[in-house]
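Trainee: Give me a model of this one.
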Amino acid sequence: MIYRSKAPLRIGLAGGGTDVSPYCDLYGGAILNTTVSLYANANIEPLQQDVIVLEAADRGEMAEYAVGNQLPLDGKLDLLKGVYNRIKKEYDLPLKGLRLQTYVDAPAGSGLGTSSTLVVAIIGAFAEMLKLPLGEYDIAHYAYRIERQDLNLAGGRQDQYAATFGGVNYMEFYENDKVIVNPLRIKSEYLSELENNLVLFYTASSRESAAIIKEQQKNVHEKREGSIEAMHQLKEQSRMMKEALLKGRLDEIGEILDFGFEQKRKMAANISNAFIEEIYEAAKNAGASGGKISGAGGGGFMMFYCPGNTRFKVIKALEKFGGEVKQYIFTKNGLITWAV
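Mentor: Take a look at the predicted model:
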């Protein structure tokens, strides 16, 4: 028997960064995101041998360990180890061998929530194998605890919930880890137009988001007004984006994204850089009405809203930067698990 799962990556449309503590604990955060047809996949195969085999197939990494021990967190395949260790500690994981294999459709550090989505997928595969009674909120919060507490990885909360729930969601974040996921009922023609007009561009550079996020957290701790006010504005941006999508005012999307990018630059240093600014200007000169960096910033994916038929000129303008325009569609489903 093989136990499988897949969870979708996400693109954040508005409010990015307001899901990170301590901001959301003090002021409340709000984000609007949607999942896309890029996935984190996990497979668990029980083995006859008494070994734990971990493999990240997309990265060409593999390691073997003896059954019965907590796996060492040493910087190699730690996301896989973190989930295994937590499941083994809290649930009746059989003392038998297994192979845990993963694959992600986007590079780590690319700004689409790859790490958190992978953790959700791995939890899903274990939940399928062990028949764990975990609901959507349970799995998302479980993933958050593993990343933030067990692995001490800096970050927010939106990725785990997007991967678990799927679809277009307006999410609210409060103190004491309270999260409310509000699925949005957006007309299919509005979503189709949004999907057509959003160009997702991989800059061919990844980044370590932790340093950027830690600076953002430090700015809130130290009550730096410029950074905090920018986060307030990004929270308002999420409300603006929600209203525009629900009412079909798609001509406003680019301007709302542009407003958000202006605010995001103020949250922390290194969110943008000369290369990102050059790409952004080239896209706008070619017809994009706005855009943003996906995730914490510093590199990875960018996206641009291209009204009318400007997407083709924008894509052409981006060619000189040596990245890749990624094809995708929006998805309605979150985490899916099954056995074969």
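Trainee: The residue positioned nearest the centre of the chain: what's it in contact with?
Mentor: Centroid check for the chain by Cα atoms, centre = their mean gives Gly113 as the closest residue, at 2.0 Å. Going by Cβ atoms under 8 Å, 6 or more residues apart in numbering, Gly113 touches Leu9, Arg10, Gln158, Asp159, Ala162, Ala163, Gly295. To be clear about C-beta, it is placed using only N, CA and C from the backbone, and glycine gets the same treatment.
Trainee: Surely the last one and Gly16 touch.
Mentor: Yes. Using Cβ atoms under 8 Å, Gly295 is in contact with Gly16, at 7.3 Å.
Trainee: ok, the two, which is more surrounded?
Mentor: Each of Gly295 and Gly16 has its neighbours counted (other Cβ atoms under 10 Å); Gly16 has more, 32 against 28.
Trainee: Which residue ranges of this protein form strands?
Mentor: Assigned by DSSP state E, the strands in the chain fall at 3-14, 29-47, 51-56, 61-66, 97-104, 168-173, 179-183, 198-202, 290-293, 301-305, 324-326, 336-339.
Trainee: Please render those strands as CSV that adds mean neighbour count, distance to Asp138 and mean pLDDT to the earlier fields.
Mentor: What follows is the strands of the chain, written out as CSV (neighbours: other Cβ atoms under 10 Å; distance: least, Cβ to Cβ, whole Å; pLDDT from 0 to 100):
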stretch, mean neighbour count, distance to Asp138, mean pLDDT
strand 3-14, 27, 14, 97
strand 29-47, 23, 17, 97
strand 51-56, 19, 24, 97
strand 61-66, 14, 27, 96
strand 97-104, 21, 20, 97
strand 168-173, 23, 16, 98
strand 179-183, 15, 12, 98
strand 198-202, 21, 30, 96
strand 290-293, 25, 31, 94
strand 301-305, 26, 29, 95
strand 324-326, 15, 31, 94
strand 336-339, 14, 14, 98
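Trainee: hang on, the earlier thing: greatest separation within the contacts of Gly113: which pair is it?
Mentor: Spanning the widest gap among the contacts of Gly113 are Ala163 and Gly295, at 13.7 Å by Cβ to Cβ.
Trainee: which residues of this structure fall in helices?
Mentor: 23-27, 78-90, 114-130, 136-145, 158-165, 188-197, 209-221, 225-247, 253-264, 274-285, 311-318 (DSSP state H).
Trainee: counting contacts, what elements does the third one pack onto?
Mentor: This points to helix 114-130. Contacts defined by 3 or more Cβ pairs under 8 Å, 6 or more residues apart in numbering; DSSP states H and E place helix 114-130 against strand 3-14, strand 29-47, helix 78-90, strand 97-104, helix 136-145, helix 158-165, strand 336-339.
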